[in-house]
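Novice: 3D model of this:
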Amino acid sequence: VEDAFQLLERMRQEGLKPNQHTWSSLIMLCCRNGQLERGFHILKEMAEDDCTPNAYNLLMRACNRDGQWERSLRTFDALVQELGPEGPDSITWNIVMSARIRTATAHPLR
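Specialist: As a prediction, this is how the structure comes out:
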């Protein structure tokens, strides 16, 4: 993970701006290596660029995988706030449904 962040810093020193593929790769790497918080930090960094649902989807999936379903739903809310109602794609909606089902299972209505 650290090597990837060193490469990011080197890119910036060379005057290159990270694109969606760079950001998404870093987020995926963080999520796969148990560094979810760092992935969310990257999402904040990329707010200056055009953010696509893919970055949010990666983080929401990681939250679901870690049992953080409510955080996944909050991330969805942030996506809608950032990109508007047209921001979520079909993959995003599937991830949200999965998180909602799991929160309902964990906290059933009485």
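Novice: how close does residue 88 sit to residue 78?
Specialist: Separation of residue 88 from residue 78 (C-beta to C-beta, to the nearest Å): 11 Å. (C-beta placed from N, C-alpha, C; glycine too.)
Novice: what's the spacing between stretch 29-49 and its chain's center?
Specialist: Centroid displacement of stretch 29-49 relative to its chain, using C-alpha atoms, centre = their mean, to the nearest Å, is 7 Å.
Novice: Can you show me the helices along the chain?
Specialist: Assignment of helices within the chain using DSSP state H yields the ranges 2-13, 20-32, 36-45, 53-65, 69-83, 90-106.
Novice: quick one: which of residue 88 and residue 78 has more around it?
Specialist: residue 88 (20 against 16; other C-beta atoms under 10 Å).
Novice: contacting residues for that one?
Specialist: Residue 88 makes contacts with 53, 76, 79-80, 96, as judged by C-beta atoms under 8 Å, 6 or more residues apart in numbering.
Novice: would CSV of the residues you listed with neighbour count be doable?
Specialist: Listed next are the contacts of residue 88 as CSV, based on neighbours: other C-beta atoms under 10 Å:
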residue, neighbour count
53, 21
76, 24
79, 24
80, 15
96, 22
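Novice: Among these, find the lowest-pLDDT one for me.
Specialist: In terms of pLDDT, residue 53 ranks lowest among those, with 66.
Novice: Report how many residues lie close to residue 56.
Specialist: 26.
Novice: how about stretch 27-40: buried residues?
Specialist: Buried residues in stretch 27-40, defined by neighbour count with 16 or more other C-beta atoms under 10 Å: 27-31, 35-36, 38-40.
Novice: then that stretch to PDB, C-alphas only?
Specialist: In PDB, the C-alpha atoms belonging to stretch 27-40 read as follows (Å, rounded to 0.1, in the frame of the first residue of the first chain):
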ATOM      1  CA  ILE A  27      -9.200   3.100  -2.800                       C
ATOM      2  CA  MET A  28      -9.500  -0.500  -3.900                       C
ATOM      3  CA  LEU A  29      -6.000  -1.200  -2.500                       C
ATOM      4  CA  CYS A  30      -6.900   0.400   0.800                       C
ATOM      5  CA  CYS A  31     -10.100  -1.500   1.100                       C
ATOM      6  CA  ARG A  32      -8.500  -4.800   0.300                       C
ATOM      7  CA  ASN A  33      -5.800  -4.200   2.900                       C
ATOM      8  CA  GLY A  34      -8.000  -3.300   5.800                       C
ATOM      9  CA  GLN A  35      -7.400   0.500   5.500                       C
ATOM     10  CA  LEU A  36     -11.000   1.600   5.100                       C
ATOM     11  CA  GLU A  37     -10.400   4.900   6.800                       C
ATOM     12  CA  ARG A  38      -7.600   5.700   4.400                       C
ATOM     13  CA  GLY A  39      -9.900   4.900   1.500                       C
ATOM     14  CA  PHE A  40     -12.400   7.500   2.900                       C
END
